[in-house]
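Asker: Sequence and computational prediction follow.
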Amino acid sequence: MARSVASVPRPLLVLLGVAMAAQIAVAVQRPPPAAQLAALPAPPPRAVLEVLALGQPDLLARGLMLWLQAQDYQPGVSVPFKALDYRRVEAWLERMLELDPEFDYPLLAAARLYGEVDDAARQRRMIEFIRRSFRARPAARWPWMAHAVYLAKHRLRDLPYALTLAEEIAAVPQRDTIPAWARQLHIFVRENLGELDSVKVLLGGLLESGAVSDPNERRFLAWRLAELERRLDDERAGQAGLPARSPSE
């Protein structure tokens with residue numbers, strides 16, 4: 001049978017009230033639960049992933065890419081890319097390419113997501129990952145190598161490094177179909193480095209060799225060569241104390 005509150009001894013009611021007040025006070029003073037950042041695990045060996053793929057490595061590679069991209073937003077916490085362990089990010093991207101060499105998204109992620117962080121060491125790691133991947137399949141992966149040149153030049157501001165990368169594109173045998181503009185990147189990086197005489201020789205050689213057959217590209221290169229010759233003449237005139245030549249001359 002239910003008893004009324006009035007029948008409960010007063011000391012017991014007081015004790016109950018104190019207990020409730022203490023519980024409320026503790027709850028109010030307790031800091032909110034902090035979200036814990038889960039460390040990115042190391043990828044399993046390639047052989048294990050091939051077994052897990054059940055004969056469809058391309059699908060597994062795509063699923064792993066989605067999972068990896070989701071690591072920047074974990075339950076209760078938004079994770080900046082630079083907080084991730086980039087050695088493991090690189091290892092996961094490598095595994096995806098091993099599972100499906102024709103899957104380009106890991107290279108896109110390296111160039112456009114993980115390679116754009118404001119951290120030179122992490123950017124270099126992504127550039128080197130792209131570089132190794134390019135060497136394995138240059139005809140298919142040259143766009144990402146060209147982007148690596150951009151990262152080195154404009155993000156790292158390391159022109160000698162950008163030149164080294166661009167020269168690797170130029171050195172690919174002609175049988176591998178790579179657009180002329182990508183093969184010519186090293187010329188324009190050299191121009192940024194101030195190697196104007198070398199650039200003049202390279203541009204002239206390209207035009208004379210017939211390696212560039214597209215009329216629009218030939219006109220562009222001829223225009224760049226004329227502009228370069230004007231700049232060189234102006235520099236020599238300045239050194240000799242003569243007036244600079246006007247662009248129309």
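Answerer: On my side now, so go ahead. Residues are numbered from 1 along each chain as shown.
Asker: any idea how far R230 is from R218?
Answerer: Distance, R230 to R218, by CB to CB, to the nearest Å: 19 Å. In short, each C-beta sits where N, CA and C put it, glycine included.
Asker: swap that for T177, sorry
Answerer: Between T177 and R218 the distance, using CB to CB, works out to 19 Å.
Asker: Those two: which is more packed in?
Answerer: R218 (15 against 10; other CB atoms under 10 Å).
Asker: Does the longest helix anywhere in the chain pack against any helices or strands, and if so which?
Answerer: As assigned by DSSP state H, the longest helix anywhere in the chain is helix 215-240. Applying 3 or more CB pairs under 8 Å, 6 or more residues apart in numbering; DSSP states H and E, we find helix 215-240 packed against helix 196-209.
Asker: Just give the nearest non-adjacent residue to L40, would you?
Answerer: R88 (4.6 Å; CB to CB, 6 or more residues apart in numbering).
Asker: List the contacts of that neighbour.
Answerer: L40, P41, A42, P43 (CB atoms under 8 Å, 6 or more residues apart in numbering).
Asker: for the record, mean pLDDT for the longest helix of the chain?
Answerer: Across helix 215-240, the average pLDDT comes to 75.
Asker: List the buried residues of it.
Answerer: If you call a residue buried by 16 or more other CB atoms under 10 Å, then helix 215-240 has these buried ones: E217, L221, R224, L225, L228, R231, D234.
Asker: In TSV: these, plus distance to Q123.
Answerer: Shown next, in TSV, are the buried residues of helix 215-240 (distance: CB to CB, whole Å):
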residue	distance to Q123
E217	31
L221	31
R224	29
L225	33
L228	30
R231	31
D234	36
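Asker: For those residues, which two are the farthest from each other?
Answerer: Within the buried residues of helix 215-240, two members stand farthest from each other by CB to CB: E217 and D234, at 25.8 Å.
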